[in-house]
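**Student:** Sequence below, structure please.
(2 chains)
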There are 2 protein chains.
Amino acid sequence: MTAEILCVGTELLMGQVLNTNAQYIARRLAALGVSIYHQQVVGDNEKRLEEAYRLALSRADVVITSGGLGPTVDDITKRTAAKLLGKELVLNPEADRMVRERFAQYHRKMMGNNQSQAMFTEDTQILLNPNGTAPGAIVPAGDGKVIIHLPGPPEELEPMFRDQVEPWIMARSGRVLVSRYIRIFGMGESEVDMRLKDLEVKDNPSLSPYCSLGEVMLRATAGADSTQAAEAMLEPLIEEIRSRLGKVIYEIREDDGGSLAHTAVRALREKGWTIATAESLTGGLIASTLVEVPGASSVVKGGFVTYQSISKTMLLDVPEETIETCNVVSAEVACAMARAAREKLQVDIAVSATGLAGPDGGTPERPVGTVFLGIATRETVYSIPLHLAGSRARIRTLTVKHALHAVTRETKGEREEV
Amino acid sequence: MTAEILCVGTELLMGQVLNTNAQYIARRLAALGVSIYHQQVVGDNEKRLEEAYRLALSRADVVITSGGLGPTVDDITKRTAAKLLGKELVLNPEADRMVRERFAQYHRKMMGNNQSQAMFTEDTQILLNPNGTAPGAIVPAGDGKVIIHLPGPPEELEPMFRDQVEPWIMARSGRVLVSRYIRIFGMGESEVDMRLKDLEVKDNPSLSPYCSLGEVMLRATAGADSTQAAEAMLEPLIEEIRSRLGKVIYEIREDDGGSLAHTAVRALREKGWTIATAESLTGGLIASTLVEVPGASSVVKGGFVTYQSISKTMLLDVPEETIETCNVVSAEVACAMARAAREKLQVDIAVSATGLAGPDGGTPERPVGTVFLGIATRETVYSIPLHLAGSRARIRTLTVKHALHAVTRETKGEREEV
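**Tutor:** Residues are numbered from 1 along each chain as shown, chains lettered A, B, ... in the order given. The predicted structure is shown next:
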């Protein structure tokens, strides 16, 4: 099966909105083994949209549109497709019911033109929208081809795709696909690649790397006649990856969610530990990243932002002498910060960070990117030196990731003492 | 002039990478008054790339490519364009010098295939790349049309576009364009739209809104024969916008940078004030957003993350009784947090936030999204109630923005006392 993505909207064409939908759809389709050779973006213009449809239908089995399902005159995706296919739009009772429900739920009044959201060609299969007023649709387009219409807002498109389009694609292909997502921290993309190169060229199970700052995620996917058969194909692959990469794998999941913060919060919860933070260069970003995780309140007690040197003394009793003798960016200060945060908030573990995020302030001994983490538990206090590089934002983000990883490892007794 | 954006890369097609380049180029071209009607994405496939070139050249004056300028066999953007145009790639001495310089600078060894990065058709105008090893190029494509090749990494593409392609486009059009960016907080997109509708339909000066969570940015652009003439056209427009929108405008800039945090840090610096934070639901995000601004260290002294109720008592002496009587999400607790943070860190102003970010924990009197900010100065302490809606992330981010805005207004004596 081949698919083409056709995003509709002048706001995309003019760059007012970042096209995250194309990436989302592409990534999910790739995971399902569907080939994509083209993506297009066109504005709210009927003539150009019609040409884009023609072109897409000439080269793909499934054309997936995003955007242009709203009630305004600009929203022409459905109308233009129907015209091209020589069909009429009529009121779809199922869609009409859904639109009415949604308006009632949002306490909004339906205008005359809102009913256009429930108009589809007669052979359309409706995709319900639990998160907005525009239903999606699967529209037969002749020769066994289909056009799938999805709404533009990502918070509506993504669940609709995941919960309704993916099962439809899987049913059509008669295959079951099972994926595992392997999250890695502490090994660069190129080294992961080098170690797994021979596994990444295989088709089934397939293995693809996705990179973000400091992290690599691997997606392993197997296709078979049944879930069990696909899982059985994945198992030895996962074991092989485990044996080649070892401890840099911090999580293996059935979905592409998760993060270092999720893993840290879960590790703390499993251990029954509470945590506190003491942050200089990150300025509260370690704490707020932990707090992003719903339910973090059972483990995150609180923390200190000690950005100016003097605040380290005022809030965490770090002796001014230590700061002067050892430098504010030092293992000693990191340890003192963590120790004090742990004691003052009476928690099981505290993590601290002090360092130079730049762009100014570097010296030959302590260049920009020099960071010390501190970890304090009831039993020990130690520091972890980091040598990071890049922009201020990059250094701060990487510091947060290293701090979260260090916390997870400490809960598992995999201390990284230096 | 019409342009088409053609992004090349299998990693884009498969969704491994988010296509920020298309948005960047589109947005800058729109600001220059260049019309864009199509964007395409194709993979590293010669046949499909050649078709994409043909199609783009049939409908646009300028075809801008991103990606595929590296030395590997996958990198086919230049090669395929040359083939289509019936031209040879030859070593370009200027490009060769640049590539060699860059390799020396990065202490990297040049491989044989690195020289392919310096190969261009003879009539090419080279675009130097200060941030990477791949030069860009402006290639005549017949009939007065051109293909512009840009490298894929955004940190290379964006400066090259801004510093070299934009001046080229302006020179070609014989016009000078001047823009002003008007940043707005505290008024929704639809109300801004309603108040400025008649101004937004004009062509020169033009006015376009860009929205992000809780914020609207307006770009006003005038084109004329000289900078002075363009500026003179903008002035009355800006004045008109000021008079219609008033205090919700928090900044007017010559570039599209800036943020509520930048404005707050600058306002604090101008006033000579230091700031502290006391955060519950935001968990350090107000402080870390302030610290994102380079040079924040002169004003941000430190702060407290008091996520669990008990930590508000432990770190900020909020009486347990107040928390019990008034609720932890209350004006009283917000004020007590701000007052204590200000006193403990001996700063000029402190800002606090307590509230319900959800997804759980809401009650009929205090639904999810109920937030109280606290502001304490040497003279006064007051709270600002917020009624926010949406996801946990949305509520936390909007709380940060409201807090930063409240700080800026307090420094200007525009108190929002409740």
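
**Student:** what residues are up against whatever residue of chain A ends up closest to chain B?
**Tutor:** Nearest to chain B, among the residues of chain A, is residue A:284, at 2.5 Å (CB to the nearest CB). Placement of C-beta: from N, CA and C, glycine included. Going by CB atoms under 8 Å, 6 or more residues apart in numbering or on different chains, residue A:284 touches A:277, A:303, A:305, B:277, B:279, B:283-288, B:291, B:303, B:305.

**Student:** again, but for residue A:140
**Tutor:** Contacts of residue A:140 (CB under 8 Å, 6+ apart): A:123, A:146.

**Student:** and it, bridged to which residues?
**Tutor:** Residue A:140 forms beta bridges with residue A:146, as assigned by DSSP bridges.

**Student:** quick revisit: could you list which of the contacts of residue A:284 belong to strands?
**Tutor:** Judged by DSSP state E, those include A:277, A:303, A:305, B:277, B:279, B:303, B:305 as members of strands.

**Student:** now, which of the residues you listed sits nearest residue A:91?
**Tutor:** residue B:279 (50.4 Å; CB to CB).

**Student:** So for that closest one, what's the pLDDT?
**Tutor:** Listed pLDDT for residue B:279 reads 98.

**Student:** Would you mind confirming that it is in contact with residue B:303?
**Tutor:** Yes - between residue B:279 and residue B:303 there is a contact under CB atoms under 8 Å: 6.7 Å.

**Student:** Please enumerate the shared neighbours of these two.
**Tutor:** A:284, B:286-287.

**Student:** which one of those sits closest to residue B:29?
**Tutor:** Nearest member of those to residue B:29, counting by CB to CB, is residue B:286, at 36.0 Å.

**Student:** Contact partners for the closest one?
**Tutor:** Residue B:286 neighbours (CB under 8 Å, 6+ apart): A:284, B:277, B:279, B:303, B:351, B:353, B:399-400, B:403-404.

**Student:** Now with 10 Å, please.
**Tutor:** A:283-284, A:288, A:305, B:261, B:264, B:275, B:277-279, B:300, B:303, B:305, B:351-353, B:373, B:396, B:399-404, B:407 (CB atoms under 10 Å, 6 or more residues apart in numbering or on different chains).

**Student:** how much space between it and residue B:400?
**Tutor:** 5 Å (CB to CB, to the nearest Å).

**Student:** Find residues that contact each of these two.
**Tutor:** Common neighbours of residue B:286 and residue B:400 (CB under 10 Å, 6+ apart) are A:288, B:261, B:279, B:351, B:353.

**Student:** Any idea how many residues pack against the fourth one?
**Tutor:** By other CB atoms under 10 Å in any protein chain shown, the residues close to residue B:351 number 31.

**Student:** phi, psi of it?
**Tutor:** Main-chain torsions, residue B:351, degrees, to the nearest 10: phi -120, psi 140.

**Student:** So what pairs up with it in the strands?
**Tutor:** Bridge pairing for residue B:351 - DSSP bridges - gives residue B:277, residue B:375.

**Student:** residues in contact with it?
**Tutor:** B:264, B:275-279, B:286-287, B:290, B:303, B:334, B:337-338, B:341-342, B:373-376, B:384, B:400, B:402-404, B:406-407, B:410.

**Student:** Kindly report the same for the last one.
**Tutor:** Listed by CB under 10 Å, 6+ apart, the contact set of residue B:353 reads B:277-283, B:285-286, B:334, B:337-338, B:371-374, B:384, B:386, B:396, B:399-400, B:402-403, B:406.

**Student:** now do the second one
**Tutor:** Residue B:261 makes contacts with B:286, B:288-293, B:296, B:400-401, B:404, B:407-408, as judged by CB under 10 Å, 6+ apart.

**Student:** Out of these, the closest to residue A:211 would be?
**Tutor:** Closest to residue A:211, out of all of the contacts of residue B:261 and judged by CB to CB, is residue B:292, at 23.0 Å.

**Student:** The closest one and chain A: what is the separation?
**Tutor:** 7 Å (CB to the nearest CB, to the nearest Å).

**Student:** Can you list phi and psi of that residue for me?
**Tutor:** phi -60, psi -30.

**Student:** That one contacts residue A:395, doesn't it?
**Tutor:** No - using CB atoms under 10 Å, residue B:292 is not in contact with residue A:395; the gap is 11.6 Å.

**Student:** between the two, what contacts are shared?
**Tutor:** residue A:357.

**Student:** helix, strand or coil for the residue lying closest to residue A:33 once chain neighbours are set aside?
**Tutor:** Distances taken as CB to CB, 6 or more residues apart in numbering or on different chains place residue A:223 nearest to residue A:33, at 5.8 Å, with adjacent residues excluded. Taking DSSP: H, G, I helix; E, B strand; the rest coil as the rule, one finds residue A:223 in the strand state.

**Student:** Double-check residue A:223 against residue A:169; I have them as touching.
**Tutor:** No - using CB under 10 Å, residue A:223 makes no contact with residue A:169, being 11.9 Å away.

**Student:** any shared contact partners between these two?
**Tutor:** With CB under 10 Å, 6+ apart as the test, residue A:223 and residue A:169 both reach A:32-33, A:175, A:177.

**Student:** Pull out the buried residues from those residues.
**Tutor:** The neighbour count (16 or more other CB atoms under 10 Å in any protein chain shown) marks A:32-33, A:175, A:177 as buried among these.

**Student:** where are the low-confidence patches of chain A?
**Tutor:** The model of chain A has pLDDT under 70 over residues A:71-75, A:112, A:416-418.

**Student:** make it 80
**Tutor:** A:70-75, A:105-114, A:189-190, A:211, A:415-418 (pLDDT under 80).

**Student:** Give me the helices and strands touching whatever helix or strand residue A:80 lives in, please.
**Tutor:** According to DSSP states H and E, residue A:80 maps onto helix A:77-85. Packing contacts for helix A:77-85, counted by 3 or more CB pairs under 10 Å, 6 or more residues apart in numbering or on different chains; DSSP states H and E, involve strand A:2-8, helix A:46-59, strand A:62-66, strand A:119-120, strand A:136-140, strand A:146-150.
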